[in-house]
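Asker: Next one to model:
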Amino acid sequence: MASDESFYEGAPSSNAYSEPSPYQTAVGNLGVSMDPRTANQLGELNLRLNPGVKTIEVQGTFANVLESIPEQHLDEMRRISKLTGSDLTLHGPLLNASGVEMGQGQQGYQEENRVGVEKQMESALLRARKLSEDGGTPVTFHSTANLPNFEPHVMVQDEDGKSTKVKKGLMIIDETTGQVGQINDEGRYLGEDGQFTGEKLGFNSKRELDRRNKELWLNSLTRINQSVQFGESALDNLGRRTVDQEVIGPEGISKIQKIDITDIKDESDKKRVQSLQGEIDYGHTYLKESYRGIKDLFDKAMTTSKRDDNKKDIDKLREFAEFTKGKISKDFENDINQLGKLREVVDTGLRTLSTIDSTPQTFRPLKEFAIEKSAETFANVAQTAYNKHGSAAPVISIENPPGGEGLSTGEDLRDLIKSSRTQLAKNLKREGMSGSEAKRVAANMIGATWDVGHINMMRKKGYTEKDLIKQTKEIAPFVKHVHLSDNFGLDHTELPMGMGNVPLKPMINEIKKAGFKGKEIVEAANWWQHFADKGGGNPFKPSIEGLDSPIYAMAAQGGPGWANAGAYSGYFSGQGPISPQVHHSLYGAGFQNLPIELGGEVAGDRGRFSGNPNQ
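Answerer: Residues are numbered from 1 along each chain as shown. Purely as a prediction, here's the structure:
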């Protein structure tokens, strides 16, 4: 076999590892993902099973590819896995469970986006039930897809090598509009206490967010106050004027507004009444605008007060709401006869809003919002699957996306999973399940897929190897599934293990110390893209070489491993394809019926069953 794996027939593999990964694992513990570019996952499955891989990850990474896989293929894949004694997992489509989208003509949050994603994830999870009769199939979804880091930062090290996170900005969202924005480091020098040291202050996300919300709140109150002043000043000035030697007053304003100028014959009188009605409209309009602004600010203030459980502010707002009872009726602000009530409500509302303690949060951290909405989506999807299949339902395994994207650290993923489990437990309790049982089901239904290559990409943010291991430790108790891929920490490449600088052994040690007993899937998309199509074969072989998996399952420690399989004339090295095209059709009793690659005499590439090459 002449390929980039073996330059010369019978020679050791060009991928032989003089220094393989210090993490060694048995071949039986490893699985491999299929080529994500094709919907012919059934054909891919047959090819991936040839080397004897026992766990295969079906690829539905791209939504349109998953939608193109026929139901019959899923059924057939289940039957094949049962016949071969292998297990199947599924990589679900790359979607944003939060409903937040950025780019491709969309910017911000829309509830209809979140609901649509929920339905897509629900379909993927339910379809995964076809892959296993026993259920419990892990279905991987990314925590985010192509979203930027919600808290831009870098890690810096001191002389002792200790890492410190230095924040560079904060992604925020206006919940009322769904618009997303970013607060950048603007270079503050004056502290909140008014102290000036001459040095630039470090970026403080809480300080900057509070500042933004306070500025917006004060600006909103100022605009309403100005509208009130314009409106009341106009009406007060008009009320003090005289018509036919009588002061107009509040009652006179109402009477003037009711006059039908078409009934006035004298042109000078008509113009005078028109002018007075115009002044009334001017003042009334400002008060109506003020009232609507107060209603909007009241809602924001109540939302924040309830979220913060600020009873003092809640009581103030409720007191104002009680005050308006009996004064406000439907469209009362448009009724000129209730102008006095409108002024009273506006004045009282403005005073109330100006005296609350907590600044209403128009803007929230996007990370906090995204976790909340994503948890709602994952909980709803898990609930649907559990209600339909019970303990045999496939399970959700949330993966850290490539380092630097939203919710890509171990801490972020941990917080998302905790929130998702909490929400699922609430959903199940509402259906009558006990609290303890709901927590148990939630813990079983939602966990993590930890991609060691993705977290390694945080190196470009200044993360050290110790930082990467620390992030792994944070997520370790929640890990149900592992993706193995290697890179150099600078870009999203997925090579077989041992070809980059991922610190695999300490990561896996942390996960296993926390009780991990799931699948380890070789996810080498770059191998499929750049090497497999050019004779590089299945990434499973270079993976077991890189991990120095024992050649013999029963071999004692120190026995021959795949890292230097060429030295032992291993099965993969220079002896032809793993599963030669003709060997399945040649089951005769004599050695002459073996393929020539294995020492036989029969040449050719066609079997005697159907006349077609065997795959």
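
Asker: which residues does the residue nearest to the spatial centre of the chain contact?
Answerer: By C-alpha atoms, centre = their mean, the chain has its centre lying nearest to Thr144, at 2.6 Å. For Thr144, the contacting residues are Asn96, Ala97, Ser98, Ala370, Ser374, Pro401, Glu405, Gly406, Leu407, Ser408, by C-beta atoms under 8 Å, 6 or more residues apart in numbering. C-beta: built from backbone N, CA, C; applies to glycine.

Asker: So it, which state does it fall into?
Answerer: Judged by DSSP: H, G, I helix; E, B strand; the rest coil, the three-state class of Thr144 is coil.

Asker: Can you add secondary structure, neighbour count and distance to Pro542 and give the contacts of Thr144 back as JSON lines?
Answerer: Below are the contacts of Thr144 laid out as JSON lines (DSSP: H, G, I helix; E, B strand; the rest coil; neighbours: other C-beta atoms under 10 Å; distance: C-beta to C-beta, whole Å):
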{"residue": "Asn96", "secondary structure": "coil", "neighbour count": "25", "distance to Pro542": "33"}
{"residue": "Ala97", "secondary structure": "coil", "neighbour count": "30", "distance to Pro542": "34"}
{"residue": "Ser98", "secondary structure": "coil", "neighbour count": "28", "distance to Pro542": "37"}
{"residue": "Ala370", "secondary structure": "helix", "neighbour count": "28", "distance to Pro542": "37"}
{"residue": "Ser374", "secondary structure": "helix", "neighbour count": "27", "distance to Pro542": "35"}
{"residue": "Pro401", "secondary structure": "coil", "neighbour count": "24", "distance to Pro542": "25"}
{"residue": "Glu405", "secondary structure": "strand", "neighbour count": "20", "distance to Pro542": "27"}
{"residue": "Gly406", "secondary structure": "coil", "neighbour count": "26", "distance to Pro542": "32"}
{"residue": "Leu407", "secondary structure": "coil", "neighbour count": "24", "distance to Pro542": "31"}
{"residue": "Ser408", "secondary structure": "coil", "neighbour count": "26", "distance to Pro542": "26"}
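
Asker: Against Arg114, how distant is the residue nearest to the centre of the chain?
Answerer: Distance, Thr144 to Arg114, using C-beta to C-beta, to the nearest Å: 13 Å.

Asker: Report the set of residues contacting both of the two.
Answerer: In contact with both Thr144 and Arg114: Ala97, Ser98, using C-beta under 8 Å, 6+ apart.

Asker: Could you break this structure into its assigned domains?
Answerer: 1-54+517-572, 92-150+367-514, 209-361, 580-615 (automatic domain parsing).

Asker: host element of His418?
Answerer: For residue 418 the amino acid is Lys, not His. helix 410-430 (DSSP states H and E).

Asker: roughly how far is that helix from the heart of the chain?
Answerer: Mean-position distance between helix 410-430 and its chain equals 13 Å (C-alpha atoms, centre = their mean, to the nearest Å).

Asker: for the stretch 451-600 of the chain, which spans come out with low pLDDT?
Answerer: Under the criterion pLDDT under 70, the flagged ranges of the stretch 451-600 of the chain are 533-536, 553-559, 565-600.

Asker: hmm, I was thinking of the chain
Answerer: Checking the chain against pLDDT under 70 turns up 1-21, 104-105, 191-194, 197, 243-247, 249, 533-536, 553-559, 565-615.

Asker: in it, which helix has the most residues?
Answerer: The helix spanning the most residues in the chain, taking DSSP state H as the definition, is helix 267-307.

Asker: That one packs against which elements?
Answerer: Under the contact criterion of 3 or more C-beta pairs under 8 Å, 6 or more residues apart in numbering; DSSP states H and E, helix 267-307 touches helix 205-240, helix 249-258, helix 311-324, helix 339-354.

Asker: Tell me how far the residue nearest to the centre of the chain lies from Asn509.
Answerer: 28 Å.

Asker: what's the spatially closest residue to Ile56 that is not a sequence neighbour sitting at in phi/psi?
Answerer: The shortest distance from Ile56 to any non-neighbouring residue, by C-beta to C-beta, 6 or more residues apart in numbering, is to Arg48 (5.3 Å). Dihedral pair for Arg48: phi -70, psi -30, per degrees, to the nearest 10.

Asker: Please look at Arg48 and Gly31 and confirm they touch.
Answerer: No - Arg48 lies out of contact with Gly31 (C-beta atoms under 8 Å); the separation is 9.1 Å.

Asker: Identify the contacts common to these two.
Answerer: What both Arg48 and Gly31 touch, as defined by C-beta under 8 Å, 6+ apart, is the set Ile56.

Asker: OK, contacts around Ala124?
Answerer: Gly60, Leu66, Leu90, Gly92, Pro93, Val139, Phe141.

Asker: so which of those comes closest to Lys300?
Answerer: Of all the contacts of Ala124, Lys300 sits closest to Phe141, with 32.8 Å by C-beta to C-beta.

Asker: Downstream of the host helix or strand of that closest one, the next helix or strand is which one?
Answerer: Assigned by DSSP H and E, Phe141 falls within strand 138-142. Remark: after strand 138-142, the chain's next helix or strand is strand 153-157, criterion DSSP H and E.

Asker: ranges for the helices of the stretch 51-200 of the chain?
Answerer: Applying DSSP state H, counting those that start in this stretch to the stretch 51-200 of the chain gives helices spanning 63-67, 71-84, 111-127.

Asker: got those as a markdown table, with distance to Phe230 columns?
Answerer: Listed next are these as a markdown table, based on distance: least, C-beta to C-beta, whole Å:
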| stretch | distance to Phe230 |
| --- | --- |
| helix 63-67 | 53 |
| helix 71-84 | 66 |
| helix 111-127 | 37 |
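
Asker: ranking those helices by burial, who's on top?
Answerer: A comparison of the helices of the stretch 51-200 of the chain by mean neighbour count, using mean count of other C-beta atoms under 10 Å, puts helix 111-127 on top with a mean of 18.

Asker: Also compute the angle for the strand holding Phe141 relative to helix 111-127, please.
Answerer: For strand 138-142 against helix 111-127, the angle by axes from the mean of the first three to the mean of the last three C-alpha atoms, to 10 degrees is 160 degrees.

Asker: Show me what counts as buried in stretch 475-488.
Answerer: Within stretch 475-488, the residues that count as buried by 16 or more other C-beta atoms under 10 Å are 475-487.

Asker: And for stretch 499-508?
Answerer: Met499, Gly500, Val502, Pro503, Leu504, Pro506, Met507, Ile508.

Asker: Please apply the same query to stretch 390-404.
Answerer: Those buried within stretch 390-404 under the rule 16+ other C-beta under 10 Å are Ala393, Pro394, Val395, Ile396, Ser397, Ile398, Glu399, Asn400, Pro401, Pro402, Gly403, Gly404.

Asker: One more: stretch 363-377?
Answerer: Judged by neighbour count using 16+ other C-beta under 10 Å, the buried positions of stretch 363-377 are 363-367, 369-371, 373-377.

Asker: Likewise for stretch 319-334?
Answerer: Applying 16+ other C-beta under 10 Å to stretch 319-334 flags Phe320, Ile328, Phe332, Glu333 as buried.

Asker: which ones are touching the spatially closest residue to Thr377 that is not a sequence neighbour?
Answerer: Excluding the flanking residues, the one nearest Thr377 by C-beta to C-beta, 6+ apart is Ala97, at 4.1 Å. Taking C-beta under 8 Å, 6+ apart, we find Ala97 in contact with Arg114, Val117, Glu118, Met121, Phe141, Ser143, Thr144, Lys373, Ser374, Thr377, Phe378.
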